[in-house]
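Student: Return a 3D structure for these sequence lines:
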Amino acid sequence: MDDQNKNLLLAMVLSSLVLIIWFVLFPPPEEPAAVEGSSTVASGVDPATAVPAADADVTTATAPTTQPAAAENVARVEIDTPSLLGSLSLAGGRIDTISLKNYRTTQQRGADEVEVLAPIGSAQPYYSVFGWAPGGTLDVSDVPSPDTVWSVESGETLGPDTPVVIRWDSPSGLVFRRTIEVDDKFMFTVTQSVENATSEPVRLAPYGLVARHGEPQNLAGFFIIHEGAIRRTDGELEEIDYADIPDLRDDAVWGASADVKEASENGWIGFTDHYWMTILVPEQGSAFTSVVQYVPGADVYRTTARMPAIDVAPGQTASSTTKVFTGAKEWETIRNYEAGRDIEGFGPSVSYFFGFAGAPVIDGFIDAIDWGWFYFLTKPIFFALHELNALIGNMGIAIIALTLLIKALLFPLARKSYISMAKMKELQPEMEKIKERAGDDRQKLQVEMMNLYKKEKVNPASGCLPILLQIPIFFSLYKVIFVTIELRHAPFFGPFQDLSAPDPTSIMNLFGLLPFDAPEPTSLLALIFIGILPILLGISMWLQQKLNPAPTDPTQAMIFAWMPWVFMFMLGGFASGLVIYWIANNTITFVQQYTIMRSHGYHPDIWGNIRGANKAQPAAANKDDKPKSKSKK
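Tutor: The predicted model follows:
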């Protein structure tokens, strides 16, 4: 077998080995049966919203942990924006009912809106609550608790132009107000104030808390996406899976299973799901304490941002502002929140991506999207895909255009590789002579081969490099397609209406011609009765092989013969957007390699190779366009 086929075989074996290990150890996740966006616990469980006292030297005093009033027992304030629909409960002033107007649980007509937050009393409580931790001479009865019933001071429906102010007067004479605002996307701004109408100074610390009862039922359960607690403190990003939170070390102040980190000026903390998140954002530029905690008695996961204690003199008012993002992890929306503003003459994506937007308002907020270890590839790949989709208007075509762009960037390397492969073909007669002279002397064979490569300036290893470079690009694109919400339910054409899901067609229903659905994507039948895209992938790989004659060794020839069809079944359960990329990549590679090989004197006999006749011969066999190698000068 010549070196060109050896390189190709090596690359294909390495690629298939990686894919097989990945596919076996980490199969695609099953479709969740539960509604997206919530967590699970039986109603009536203590939500454990206790927060340590404001005094640093007090380690036992906490806010009350009584059961908050159920949603149906108290008044609620409606929330209605272009993106959100829900309500906040006057019991604790909790933001606890949020659904997303522009996202559905499935693509079926009439499917429910995605529910992000749910109240106490529902099957899966998940909410954000704000308050004050008492310090100094204050008692827990002097500050609002999670079940304190507030009254509406102003406002009726919370919307982008209609903030709501709620109020509670403590028995000791303190007046607490909470002004809640929301924009037209997913960001709430909560300003807490306390008016000291007493004759004594008071000390207390504001906090924000996100509580989630039980581990979510609808976890993707796939290592490629992080789901759980996430926080950023002074530039350091930390992700903690739900399974790891109960095992956190105990903290002397915060109690069981708590991990505490101090932020000196910037950061945020909350929970992230596959496509949705709820994140607390304290005032940037100010210190705060971030806490990830599990309360075993109540089976509650929580993240807390507590700001430093404030001393309020008699007759004075103090306030603290915290933002809370609850919604979809849209790249452009999150980037706009991070940047804080747009730059004239540039769109929000381009301006901030290239660093024209100045210092971020929310430091590193874009990293709430799980870009992974290879963020240096996934971020630019997604940026290019996002902009191409905005220009073209079809995500499937944008993936094909991205493939063209990637192939164009790698073309200089590919061209050098294909030229080297063509030269190797020219050297085949001389290489055969060297093999005959060397006989069984492997050392002599290697020395003479290396001398020949050096003389003709040919690198036999360059042929597999472009193929190997496709592996990290492939995995990075898989990460982008699986993680980013922009690919969720993104249509291509015809039956391909969700590029983040496997090919919905199947041999079983004659690719949609028969009136019944294809097998479930996670079933064994789906692995066997594959769809149109995996078949096209296998054909594209098979045709690419036919640019060269099959190896003379029977075992190697068999491996080559089976490889495209093995890949075809292996990738049948992958996201259809990824399969589209691989088909486009194989097609472009075929065209590039065929063109370059012909321009350098080697004429691939594709149809001859398909028939197994091995008719491809170097162009030297053609007298009119006989190549001239340097060895003949």
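Student: and the residue nearest to Q284 when sequence neighbours are not counted, what does it touch?
Tutor: Spatial nearest neighbour of Q284, excluding adjacent residues (C-beta to C-beta, 6 or more residues apart in numbering): N266 at 5.3 Å. Where C-beta positions appear, they are placed from N, C-alpha and C, glycine not excepted. Under the criterion of C-beta atoms under 8 Å, 6 or more residues apart in numbering, the contact list for N266 reads 232-235, 284-285, 363-364.
Student: what's next to stretch 196-203, contact-wise?
Tutor: Against stretch 196-203 from outside (C-beta under 8 Å, 6+ apart): 54-55, 135-138, 142, 172-175, 194, 309-318.
Student: show me what contacts L405?
Tutor: Listed by C-beta under 8 Å, 6+ apart, the contact set of L405 reads 384, 388.
Student: CA-only coordinates of the helix or strand encompassing it, as CSV, when you get a sec.
Tutor: Per DSSP states H and E: L405 is located in helix 395-409. Provided in CSV are the C-alpha atoms of helix 395-409 (Å, rounded to 0.1, in the frame of the first residue of the first chain):
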residue,chain,number,x,y,z
MET,A,395,-29.5,27.8,9.3
GLY,A,396,-28.9,24.7,7.1
ILE,A,397,-27.6,26.8,4.2
ALA,A,398,-25.5,28.8,6.8
ILE,A,399,-23.9,25.5,7.9
ILE,A,400,-23.0,24.8,4.3
ALA,A,401,-21.6,28.3,3.8
LEU,A,402,-19.6,27.9,7.0
THR,A,403,-18.2,24.7,5.6
LEU,A,404,-17.1,26.6,2.5
LEU,A,405,-15.5,29.3,4.7
ILE,A,406,-13.6,26.7,6.8
LYS,A,407,-12.4,24.9,3.7
ALA,A,408,-11.3,28.2,2.2
LEU,A,409,-9.3,29.0,5.3
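Student: G86: neighbour count?
Tutor: 24 (other C-beta atoms under 10 Å).
Student: Just name whatever secondary elements the helix or strand hosting it is in contact with.
Tutor: G86 belongs to strand 84-89 when elements are defined using DSSP H and E. Under the contact criterion of 3 or more C-beta pairs under 8 Å, 6 or more residues apart in numbering; DSSP states H and E, strand 84-89 touches strand 76-80, strand 94-104.
Student: Could you export stretch 153-169 as PDB, CA atoms only?
Tutor: Extracted in PDB, the C-alpha atoms of stretch 153-169 (Å, rounded to 0.1, in the frame of the first residue of the first chain):
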ATOM      1  CA  GLU A 153     -47.600  50.500  46.500                       C
ATOM      2  CA  SER A 154     -47.700  51.400  42.800                       C
ATOM      3  CA  GLY A 155     -48.200  49.700  39.500                       C
ATOM      4  CA  GLU A 156     -50.500  47.000  38.300                       C
ATOM      5  CA  THR A 157     -48.900  44.900  35.600                       C
ATOM      6  CA  LEU A 158     -45.100  44.500  35.400                       C
ATOM      7  CA  GLY A 159     -43.900  45.300  31.900                       C
ATOM      8  CA  PRO A 160     -41.100  47.100  30.100                       C
ATOM      9  CA  ASP A 161     -42.600  50.600  30.800                       C
ATOM     10  CA  THR A 162     -44.600  49.800  33.900                       C
ATOM     11  CA  PRO A 163     -42.500  49.000  37.000                       C
ATOM     12  CA  VAL A 164     -44.100  47.800  40.200                       C
ATOM     13  CA  VAL A 165     -43.300  48.900  43.700                       C
ATOM     14  CA  ILE A 166     -44.200  46.700  46.700                       C
ATOM     15  CA  ARG A 167     -44.000  47.700  50.400                       C
ATOM     16  CA  TRP A 168     -43.800  46.100  53.800                       C
ATOM     17  CA  ASP A 169     -43.700  47.900  57.200                       C
END
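Student: For that stretch, list every residue counted as buried.
Tutor: For stretch 153-169, burial by neighbour count (16 or more other C-beta atoms under 10 Å) applies to 155, 158-159, 164-168.
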